[in-house]
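Asker: Below: sequence and its predicted model.
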Amino acid sequence: MSNSIRFSVDADQDAEILLNTPMTKYNTSIVLTPEDKRAGVKILCKEPYAQELYNLYANYSGGNLPVSSKDLTVGQICEVVAKQVDFEAKQIIAQDEATLTSIYIPFREFSQEPALLIHGEADREFKVVIYKNDNGEFLGSERRCSAIAHREDLEEFQKTDQWFYIKVNSLVKGGYLCTYKSGVKCFLPGSHAAANVIRDFNDYLNKDIPVMIENYDASNDLFIVSYKKYIKHTLPERIHELSFSEKYVGELTNKPYDFGMFIEFQNYFTGLLHKTEFADYAKETANYKSGDKIEFYIKDIVIKKGEPRIILTTSPELINPEKATWQQLKIQAEGKEHEFEFDKEDFTVNVLISNSHETFKIDVSHLKGRTKIPNSGLLRINKVDAIRNNIKFDFLQD
């Protein structure tokens, strides 16, 4: 705060001395009453205004002064700590951690229930953005600040190809209007909202959907998001959720093609049921239509050009036998510790499956010359990849 003195220019000789002091200036920001104006009252400062002092210090330090500006400015981001909840005035009284300035936050500008602050159920430390109300008062908004932070999230997600959840709010021409954390508007095109075909657009309203950013529409200030892009990005990892021993139920995505039918299941995966799965494909599928329910098993999963392809069958006897064996091993051994013995002749370890009399071999020739393998002991099977037919494990030390 600046040291100000209220006086009349004709008051006395001391005032004249002050007026001629080099560090003295008038404070013209204070509104005088009509009486004071008629009397020639001036507000005299004996020192430069505090903000000007700050600027002088900042310039002297080369811009590295570790203190924030004294004055609040519109758009300024402040880290604050809540000190008091005033239910009568419907506002939170917080303190800027850098300058200890009090900042008032209306309840409507706080995204949580203010009463939670009293009982320690909400974080008392948060960020606000400064705005000016209709009366010219500087206030803080945690809600608006969150929207800024959420927008920064999306900008980062776009750079890093990271997926996130959006909430579907309403139907518009061509798709859906959505929001990310109730702060940033997004547009989800109808053609990108499902794994395949949407049969009822109303089914998606008020749902949380994982998506990735497809583009940004600057003219409408909208992030264009896609559920299909999320599927393509996450499928190589999520494909391992599928089992070669489980029966699934899915929906026909379209009418049968000449070569077979595509079936969607779990609103995520899509597999091909080839026509060779039927004794008389044309006759047996003549009445099939989009949306029909079909039971099936995972026959095989192959990786082509880095992308998984899911092949289906209606008969469990036709499941790829090698994949079925690895699936059984996954069920029995993954995430568990097992006894083993090292066979130096063919460089394999013979593993005895815990709580079972079954054994299997792991080729460890890739470890030759790289690590010392114990003659026997315990190992932990971390992951069994039934698709690529390999195992990740660790030898356990005594």
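Answerer: Looks like it came in fine. The model shown is predicted, which means the values in this text are computed figures rather than measured ones.

Asker: per the record, what domains does the chain have?
Answerer: 4-50, 77-146, 161-229, 242-319, 323-396 (automatic domain parsing).

Asker: just checking, what packs against the lengthiest helix in the chain?
Answerer: Ranked by residue count, the top helix of the chain under DSSP state H comes out as helix 142-160. Here helix 142-160 touches strand 125-132, strand 164-172, strand 175-180, strand 184-189, strand 208-217, going by 3 or more C-beta pairs under 8 Å, 6 or more residues apart in numbering; DSSP states H and E. (C-beta placed from N, C-alpha, C; glycine too.)

Asker: Now with 10 Å, please.
Answerer: If you count contacts as 3 or more C-beta pairs under 10 Å, 6 or more residues apart in numbering; DSSP states H and E, helix 142-160 packs onto strand 77-86, strand 102-106, strand 125-132, strand 164-172, strand 175-180, strand 184-189, strand 208-217, strand 222-226.

Asker: now the second one and strand 77-86, what's the angle there?
Answerer: Which is strand 102-106. On the basis of axes from the mean of the first three to the mean of the last three C-alpha atoms, to 10 degrees, strand 102-106 is oriented at 70 degrees to strand 77-86.

Asker: circling back: can I have the longest helix of the chain written out in PDB, keeping just the CAs?
Answerer: Output of helix 142-160 as PDB, limited to C-alpha atoms (Å, rounded to 0.1, in the frame of the first residue of the first chain):
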ATOM      1  CA  GLU A 142     -12.000 -21.800  -9.200                       C
ATOM      2  CA  ARG A 143     -14.500 -23.100 -11.700                       C
ATOM      3  CA  ARG A 144     -13.200 -20.900 -14.600                       C
ATOM      4  CA  CYS A 145      -9.600 -21.700 -13.600                       C
ATOM      5  CA  SER A 146     -10.400 -25.400 -13.800                       C
ATOM      6  CA  ALA A 147     -11.800 -24.900 -17.300                       C
ATOM      7  CA  ILE A 148      -8.500 -23.300 -18.300                       C
ATOM      8  CA  ALA A 149      -6.600 -26.200 -16.800                       C
ATOM      9  CA  HIS A 150      -8.900 -28.800 -18.500                       C
ATOM     10  CA  ARG A 151      -8.300 -27.100 -21.800                       C
ATOM     11  CA  GLU A 152      -4.500 -27.300 -21.300                       C
ATOM     12  CA  ASP A 153      -5.100 -31.100 -20.500                       C
ATOM     13  CA  LEU A 154      -6.700 -31.500 -23.900                       C
ATOM     14  CA  GLU A 155      -4.000 -29.600 -25.700                       C
ATOM     15  CA  GLU A 156      -1.500 -32.000 -24.100                       C
ATOM     16  CA  PHE A 157      -3.600 -35.100 -24.900                       C
ATOM     17  CA  GLN A 158      -3.600 -34.000 -28.600                       C
ATOM     18  CA  LYS A 159       0.200 -33.800 -28.600                       C
ATOM     19  CA  THR A 160       0.800 -37.100 -26.800                       C
END
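
Asker: now that helix: mean pLDDT?
Answerer: On average, the pLDDT along helix 142-160 is 89.

Asker: Identify the spatial nearest neighbour of the spatially most central residue of the chain, chain neighbours not counted.
Answerer: Residue closest to the average C-alpha location in the chain (C-alpha atoms, centre = their mean): Phe164, at 4.4 Å. Distances taken as C-beta to C-beta, 6 or more residues apart in numbering put Phe157 closest to Phe164, at 5.8 Å, once the chain neighbours are dropped.

Asker: Is it correct that that neighbour is in contact with Tyr230?
Answerer: No. Using C-beta atoms under 10 Å, Phe157 is not in contact with Tyr230, being 11.2 Å away.

Asker: ok, back up a step: JSON lines for the helices and strands packed on helix 142-160, including mean pLDDT and distance to Thr359?
Answerer: Below are the helices and strands packed on helix 142-160 laid out as JSON lines (pLDDT from 0 to 100; distance: least, C-beta to C-beta, whole Å):
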{"stretch": "strand 77-86", "mean pLDDT": "92", "distance to Thr359": "60"}
{"stretch": "strand 102-106", "mean pLDDT": "93", "distance to Thr359": "66"}
{"stretch": "strand 125-132", "mean pLDDT": "92", "distance to Thr359": "57"}
{"stretch": "strand 164-172", "mean pLDDT": "96", "distance to Thr359": "45"}
{"stretch": "strand 175-180", "mean pLDDT": "95", "distance to Thr359": "51"}
{"stretch": "strand 184-189", "mean pLDDT": "94", "distance to Thr359": "51"}
{"stretch": "strand 208-217", "mean pLDDT": "96", "distance to Thr359": "41"}
{"stretch": "strand 222-226", "mean pLDDT": "96", "distance to Thr359": "47"}
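
Asker: so can I have JSON lines of those strands showing distance to Lys247?
Answerer: Output for those, formatted as JSON lines (distance: least, C-beta to C-beta, whole Å):
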{"stretch": "strand 77-86", "distance to Lys247": "55"}
{"stretch": "strand 102-106", "distance to Lys247": "56"}
{"stretch": "strand 125-132", "distance to Lys247": "50"}
{"stretch": "strand 164-172", "distance to Lys247": "30"}
{"stretch": "strand 175-180", "distance to Lys247": "33"}
{"stretch": "strand 184-189", "distance to Lys247": "32"}
{"stretch": "strand 208-217", "distance to Lys247": "26"}
{"stretch": "strand 222-226", "distance to Lys247": "31"}
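
Asker: Now do the helices in the stretch 1-150 of the chain.
Answerer: In the stretch 1-150 of the chain, the helices defined using DSSP state H, counting those that start in this stretch lie at 13-19, 34-39, 50-60, 115-118, 142-160.

Asker: shouldn't Gly250 be in contact with Tyr297?
Answerer: No. Using C-beta under 10 Å, Gly250 makes no contact with Tyr297, being 11.1 Å away.

Asker: In the protein, spot the strand with the most residues.
Answerer: Looking across the chain with DSSP state E, the single longest strand is strand 293-304.

Asker: still on that earlier bit, any chance you could list residues touching both of Gly250 and Tyr297?
Answerer: Contact criterion C-beta atoms under 10 Å, 6 or more residues apart in numbering; residues bridging Gly250 and Tyr297 by contacting each: 271, 312.

Asker: And stretch 191-207, what's buried?
Answerer: For stretch 191-207, burial by neighbour count (16 or more other C-beta atoms under 10 Å) applies to 192-196, 204.
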